[in-house]
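Student: my questions are about this predicted structure, shown below with the sequence.
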Amino acid sequence: MKKISMIILTIMCVIFSLNAQTPGYRIANKFHIDGDEGWDALCVDDATGRIYISHGSVVQVVDESNGTVVATISGLNGVHGIALAWDLNKGFISSGRDSSVYVFDMKTYATLDKINSTGRNPDAILYDPFTHRVFAFNGGSNNATVIDATNDAVLGTIALDGKPEFGVADYKGKVFINIEDKSELSRIDAVNMIVENTWTLSPGEEPSGIAMDDKNNILFSACSNKTLVVMDAGNGKVITTVPTGERVDGADFDPATKRVFIPSGMGTLTVIREDSKDKFSVLENVDTQKGARTIALDKKTHHIFMPTADFDDPPPPTTDNPHPRPKLKPGTFIILDVEPVK
């Protein structure tokens, strides 16, 4: 009897060990997309399974099931981000080089309007369904342009404490924005268009990507010093920090699985589990590809999408350009499709 028990115990230990080593996420597809321009942010329309990816002077709309480009929104100038107003069937694109926000129809993909920003170089952009307003964050002038999404009218400008990066809405009338050069986070009253509070993200430095668990009112700010800062969105208290990879830019949160995703430009995706409101643990660091720094999550399929490409070695530094960027290798632009392992 003891021998049988030992055999059963051994088998259970082997099964547990194998399960513990099984990764939770893997690269399912690499969608090759035409075009050799640079890229920035992307977003997913969960209802249609469409990925909207900024790609230089265009936005490409990609079918997430097979990687086919179903539409291209052109005539843009230095695309940074895309915000989708699902309830209005409209999308908004921040165009940095001409300091504009373009409006398009989400069914036909036709351009509907061009709105002049009230600041320079609009970068991150989001739609707040609570107020039906779009917030375009101007990286060149430290402010935000507020647009009425129902009629495309500019409602005003919100001054910020420094250079804004990515933002997120809580669907209750609050908007949160990372302030990169001050290592801060600001909470905006979306109704009255004022900054209510600005909090330090210390020990985090140079925050970029941001995500939110709106049910538990928790914010996640990805910082350049390989640190994810977890903050209480009600009082600005830093709950904890979690280690991440290098050269982060984006962040996302899956409310169904309670997992936070932080992509690293060095080629990893840090998966963090929300164990409780004040406890977070790293589940794994998924191998991705260098350059994959921005991210979008389909909350229905739980697939994660990250754009990247191959690059040549950077040219030698000069006095005029001490930190030259490497050149993208033609024909190598892709979107990584990362899926949960069944």
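Tutor: Happy to help now that I have it.

Student: where are the low-confidence patches of this protein?
Tutor: Residue ranges of the chain with pLDDT under 70: 1-23.

Student: any idea which residue is closest to the centre of it?
Tutor: Most central in the chain under CA atoms, centre = their mean is residue 250, positioned 3.8 Å from the mean C-alpha point.

Student: for that one, give its distance to residue 141.
Tutor: Here the criterion is CB to CB, to the nearest Å. By it, residue 250 lies 23 Å from residue 141. C-beta: built from backbone N, CA, C; applies to glycine.

Student: same check, this time on residue 188
Tutor: 16 Å.

Student: these two: which is more packed in?
Tutor: When residue 188 and residue 141 are compared for neighbours, residue 188 comes out ahead with 25 against 20, by other CB atoms under 10 Å.

Student: the closest residue to the more buried one other than its chain neighbours: which element?
Tutor: Spatial nearest neighbour of residue 188, excluding adjacent residues (CB to CB, 6 or more residues apart in numbering): residue 175 at 4.3 Å. Here residue 175, judged by DSSP states H and E, is contained in strand 174-179.

Student: and that strand, which strands flank it?
Tutor: Applying DSSP bridges to the sheet, strand 174-179 is found paired with strand 164-169 (antiparallel), strand 184-189 (antiparallel).

Student: re earlier: just to check, the residue nearest to the centre of the chain is in contact with residue 294?
Tutor: Yes. Between residue 250 and residue 294 a contact is recorded at 4.1 Å, counting by CB atoms under 8 Å.

Student: run a quick neighbour tally on residue 329.
Tutor: Counted with other CB under 10 Å, residue 329 comes out at 12.

Student: re earlier: give me the secondary structure label for the residue nearest to the centre of the chain.
Tutor: At residue 250 the chain is in coil, as set by DSSP: H, G, I helix; E, B strand; the rest coil.

Student: again, but for residue 181
Tutor: At residue 181 the chain is in helix, as set by three-state DSSP.

Student: check the gap between it and residue 147 for me.
Tutor: From residue 181 over to residue 147 (counting by CB to CB), the distance is 25 Å.

Student: can you show me the helices along this protein?
Tutor: 2-21 (DSSP state H).

Student: quick one: contacts for the nearest residue to residue 158 once chain neighbours are set aside?
Tutor: Nearest residue to residue 158, sequence neighbours excluded (CB to CB, 6+ apart): residue 144, at 4.4 Å. Residues near residue 144 by CB atoms under 8 Å, 6 or more residues apart in numbering: 119, 135-138, 157-158, 160, 164, 177, 188.

Student: with distance to residue 99 added, can I get the residues you listed in CSV?
Tutor: Formatted as CSV, the contacts of residue 144 follow (distance: CB to CB, whole Å):
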residue, distance to residue 99
119, 7
135, 15
136, 10
137, 12
138, 8
157, 12
158, 16
160, 16
164, 14
177, 18
188, 20
